[in-house]
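>>> sequence and predicted structure below; questions after.
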Number of protein chains: 2
Amino acid sequence: MTDGIVERVRPRDRILETARDMFHKHGIRGVGIDAITEAAGTNKMTLYRHFESKDDLIIECLRATACSANAMWEKFEAEHPGDKLAQLHAWVRMAADCLMSDRRGCDMANAAIELSETDHPARQVIKELKEAQRERLVFLCRDAGIGQAELLADTLSLLLEGARVSLQSVGSEGPSAQFVRMAEGLITSFRAR
Amino acid sequence: MTDGIVERVRPRDRILETARDMFHKHGIRGVGIDAITEAAGTNKMTLYRHFESKDDLIIECLRATACSANAMWEKFEAEHPGDKLAQLHAWVRMAADCLMSDRRGCDMANAAIELSETDHPARQVIKELKEAQRERLVFLCRDAGIGQAELLADTLSLLLEGARVSLQSVGSEGPSAQFVRMAEGLITSFRAR
DNA sequence: CTCTAACGTTACAGACCGGTAACACCCTAG
DNA sequence: CTAGGGTGTTACCGGTCTGTAACGTTAGAG
């Protein structure tokens, strides 16, 4: 009955990882506390000893997602140290991989849509984290020597956001299939200005 | 106790309109049958006499939304008969108005995100209706004399989809604020090719 | 070994959900 | 006037949800 290494992981981390995975796959409102704890190999009481409420768990999941995103940015810098343009192309590639390997878009955006209450505690977190991502992309474009850096960054942001949503409504054969072509075309176009 | 004209509208239509409005504002999973019937000035039994289930009601709401969208296209043609390029610009203006006047994006896309089950009956409807919208935009671009019509149409689609999602996560000051500039820039760029 | 803190188990509260049954009512077509 | 279809009312079913209480168990630090 030993689950080996898995059992060595602290319940809190197991809950967090399981919740992230299940929220991502089935949506926040589509997953209950019981389902999470069972999948994490623990129980409801333990969950509520580590998280104040489901909303609190949601927020922690979003923070963890933001953490993963930040790790991506560090990977870009590590793989192309100093070469900001190469990092921008790496961003496009990463985004495309994300579109191909996963049919459920961005956790932040999905959460923002699901949690329609304007005063939901997660909304502020989503906004902050999304703004941070936007800023990083703007800086990357600027440091890559692109004139209208903000406009390119915002355009790329909307394209990716749109592609991840389109993927969920019309599937992988829809407009999102052209994402790389669009993004690379835009970068080329902006560099020529 | 007479509600005047409102009372003259058949319960089915009142339910449909109310459900559309509430699903749009609060999300599908965020609105219950009881809340809809109460807001529509009727009751649960009457709803279930006109709709097989909540899923059925959802689907009918989406069809109604698609109907409204089709009315938009006819308005473009009526306002700029034969002038496809003007109609394309009208599409951009319409999209921008939509972004400014409403903080909750596209009902289809939101539903696709909320209804994460891959076999949900609404998914097929969403896909069909979204594909129809895509086709109309492609034809419009083509008839406007644009060479890479599919690519422009898909890019504009993703931009709008992304803008509507971004609006919900970062608000109106985010990347979506630049939507018109992006769209018009793209049209100009594609026309020059 | 003992003490303690984390964890597990069971049961339950209270609310809400989608959906149905039975029955009373009203308005209109004939 | 009357028959009947559409509508309203009430009560209910079974299920699921978040969150809590009380108590038993385990494992590691000292």
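On my side now, so go ahead.
>>> contacts and neighbour counts: CA atoms only from here.
Noted.
>>> do stretch A:53-67 and DNA strand D meet at all?
Yes. Part of stretch A:53-67 sits near DNA strand D under the criterion CA under 7 Å from any atom of the strand, namely A:53-55.
>>> which residues sit against that stretch?
A:16-17, A:19-20, A:28, A:33, A:51, A:107-108, A:121-122, A:125-126, A:129 (CA atoms under 8 Å, 6 or more residues apart in numbering or on different chains).
>>> and the two most separated of the residues you listed?
Maximum pairwise distance in these, criterion CA to CA, is 24.7 Å, between A:Ile33 and A:Leu129.
>>> of those two, give the one with the bigger neighbour count.
A:Leu129 (21 against 17; other CA atoms under 10 Å in any protein chain shown).
>>> host element of the more buried one?
A:Leu129 belongs to helix A:121-143 when assigned by DSSP states H and E.
>>> contact partners of that helix?
A:55, A:58-59, A:62-63, A:66, A:84-85, A:87-88, A:108-109, A:112, A:115, A:148-150, A:152-154, A:157, B:169-171, B:174.
>>> try stretch A:100-116
Under CA under 8 Å, 6+ apart, the answer for stretch A:100-116 is A:23-25, A:27-29, A:62, A:65, A:99, A:122-123, A:126, A:130, A:161, A:164-165, A:167-168, A:171-172, B:25-27, B:30, B:104, B:110, B:113-114, B:165-166, B:168-169.
>>> among the residues of stretch A:53-67 next to DNA strand D, which lie within helices?
Assigned to helices by DSSP state H, the following of these qualify: A:54-55.
>>> in CSV, list the residues of stretch A:53-67 next to DNA strand D along with neighbour count and pLDDT.
Shown next, in CSV, are the residues of stretch A:53-67 next to DNA strand D (neighbours: other CA atoms under 10 Å in any protein chain shown; pLDDT from 0 to 100):
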residue, neighbour count, pLDDT
A:Ser53, 13, 98
A:Lys54, 14, 98
A:Asp55, 14, 98
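>>> between the residues of stretch A:53-67 next to DNA strand D, which sits nearest A:Glu79?
When the residues of stretch A:53-67 next to DNA strand D are compared against A:Glu79 (criterion: CA to CA), the nearest one is A:Asp55, at 36.5 Å.
>>> need the helices for chain A, in chain order.
A:5-8, A:11-26, A:33-39, A:44-50, A:54-79, A:84-101, A:107-114, A:121-143, A:149-169, A:179-191.
>>> near DNA strand D, which residues of chain A? Just list them.
Close to DNA strand D, as judged by CA under 7 Å from any atom of the strand, chain A has residues A:29-35, A:44-45, A:48, A:52-55.
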